[in-house]
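1. structure, please.
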Amino acid sequence: MAESLGQYLREAREKKGWTLEQAAFKTRILYQYLKAVEDDNYEQLPAEVFAKGFVRSYARLLGLDELQILPRFDESGGQFYAKRDEREQLTRRVREEARRKKANKLIVAGMVSVALVVLLLVTGQDRNRARPRTEPPREPAPPANSAQVIPPSQSEMPTRLETAARSESAAREAEQPASIEVERNFSPLLPLEGIVPDGSKLVVEVEAVERAWILVQADKDPGQQVMLSPGERVRWSAEEKIKLTLGNAGGVRVSLNGKLQGPYGARGKVVKDLVFTR
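-> Presented below is the predicted three-dimensional model:
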């Protein structure tokens with residue numbers, strides 16, 4: 001049986017007399033990620049662009065030729081990531097289809113409700129027309145200074161119909177699918193610098209030093225808002241362009257393709273439309 005990439009890296013580390021903990025400290029890569037690389041356990045690794053960055057940094061530390069290591073990674077991990085991408089795309093399609101069906105059910109239910117209200121209104125008017133008129137018994141006229149009570153009219157019904165329509169519109173808006181998925185890493189040990197992603201991707205990471213609000217737009221996807229607490233980190237990848245709005249410019253650290261950027265402003269300052277391109 002041919003030696004796997006993980007076994008090859010493990011043997012190279014053991015020849016140097018290093019433990020896995022020491023290698024993790026030297027590379028500044030989380031211990032569980034290096035262990036997953038040596039175990040060929042790609043299920044425990046993040047997206048392919050970051051996993052390839054881990055392997056490249058690990059090979060460089062061990063003094064191995066990256067040009068020989070990366071093709072081996074593509075052979076062993078390429079099929080896994082291709083299948084995982086297919087599963088994720090299928091899952092997203094199933095979720096979107098479920099959302100559309102639920103939205104259609106809400107629309108139909110709203111239309112039925114409005115139709116029932118209109119039907120009851122029309123039926124009530126027809127009953128009033130069909131009812132024979134009987135002359136009410138005469139009563140003594142009220143005093144001149146007495147208050148006259150006017151019964152409520154049916155003019156309130158259009159207002160109720162407008163309220164039902166507005167509620168239905170709000171329900172449809174709430175069912176819109178999420179624009180993009182954001183991968184989070186809450187570990188403060190994973191560095192912003194030193195991890196170089198695949199050159200075909202544009203990767204931006206934002207780490208919160210203070211509580212901060214972020215608005216991001218990757219390529220042509222619609223914008224998405226994220227609220228980060230101190231110590232939390234979020235990353236996005238795109239093909240051509242990423243645009244950020246920082247709600248607390250002095251409370252975040254921004255990294256572009258593994259290189260620290262900024263700073264972009266003081267604490268509490270709002271910085272709009274930061275554009276990052278390859």
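2. okay, and for the stretch 51-200 of the chain, where does confidence drop off?
-> Counting by pLDDT under 70, the ranges of the stretch 51-200 of the chain that qualify are 84-92, 94, 98, 126-200.
3. could you redo the last one with a cut-off of 50?
-> Low-confidence segments of the stretch 51-200 of the chain (pLDDT under 50): 142-158, 161, 165, 169, 171-183, 185-194.
4. and residue 53, how many neighbours?
-> By the measure other Cβ atoms under 10 Å, the count of residues near residue 53 is 21. Bear in mind the C-beta positions are built from the backbone N, C-alpha and C, glycine included.
5. so after the helix or strand where it lies, what's the next helix or strand?
-> Per DSSP states H and E, residue 53 falls inside helix 48-62. Downstream of helix 48-62, the first helix or strand assigned by DSSP H and E is helix 66-130.
6. what's in contact with stretch 11-25?
-> Applying Cβ atoms under 8 Å, 6 or more residues apart in numbering, the external contacts of stretch 11-25 come out as 26, 30-31, 34-35, 38, 58, 61-64.
7. would you mark the buried spots in that stretch?
-> In terms of neighbour count (16 or more other Cβ atoms under 10 Å), stretch 11-25 has its buried residues at 12-13, 18, 20, 23-24.
8. next one: stretch 47-62
-> Result for stretch 47-62 [16+ other Cβ under 10 Å]: buried residues 47-59, 61-62.
9. out of these, who's nearest residue 106?
-> Closest approach to residue 106 among the buried residues of stretch 47-62 (Cβ to Cβ): residue 47, at 34.4 Å.
10. residue 107 versus the closest one, what's the distance?
-> 36 Å (Cβ to Cβ, to the nearest Å).
11. assign residue 29 to helix, strand or coil.
-> Of the three states, residue 29 takes coil under DSSP: H, G, I helix; E, B strand; the rest coil.
12. residue 56 is in contact with that one, correct?
-> No. Residue 29 is beyond contact range of residue 56, at 10.8 Å (criterion: Cβ atoms under 8 Å).
13. okay if I get the buried residues of stretch 11-25 as JSON lines plus secondary structure?
-> Output for the buried residues of stretch 11-25, formatted as JSON lines (three-state DSSP):
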{"residue": "12", "secondary structure": "helix"}
{"residue": "13", "secondary structure": "helix"}
{"residue": "18", "secondary structure": "coil"}
{"residue": "20", "secondary structure": "helix"}
{"residue": "23", "secondary structure": "helix"}
{"residue": "24", "secondary structure": "helix"}
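14. what are the structural domain limits within the protein?
-> Domains of the chain are assigned by automatic domain parsing as 1-177, 183-277.
15. can you report how many residues neighbour the nearest residue to residue 270 once chain neighbours are set aside?
-> Distances taken as Cβ to Cβ, 6 or more residues apart in numbering put residue 247 closest to residue 270, at 5.8 Å, once the chain neighbours are dropped. The tally of other residues near residue 247 (other Cβ under 10 Å) stands at 20.
16. test my guess that residue 247 contacts residue 212.
-> Yes. Using Cβ under 8 Å, residue 247 makes contact with residue 212 at a distance of 5.7 Å.
17. what separation do you get for the residue lying closest to residue 265 once chain neighbours are set aside and residue 210?
-> Ranked by Cβ to Cβ, 6+ apart and with sequence neighbours excluded, the top spatial neighbour of residue 265 is residue 249, at 3.1 Å. Using Cβ to Cβ, residue 249 is found at 10 Å from residue 210.
18. ok, residue 6 next?
-> For residue 6, the distance to residue 210 equals 39 Å [Cβ to Cβ].
19. quick one: which of these two has more around it?
-> Neighbour totals were compared for residue 6 and residue 210, and residue 6 leads with 19 against 13 (other Cβ under 10 Å).
20. confirm the more buried one sits in a strand?
-> No. Counting by three-state DSSP, residue 6 is located in no strand; its state is helix.
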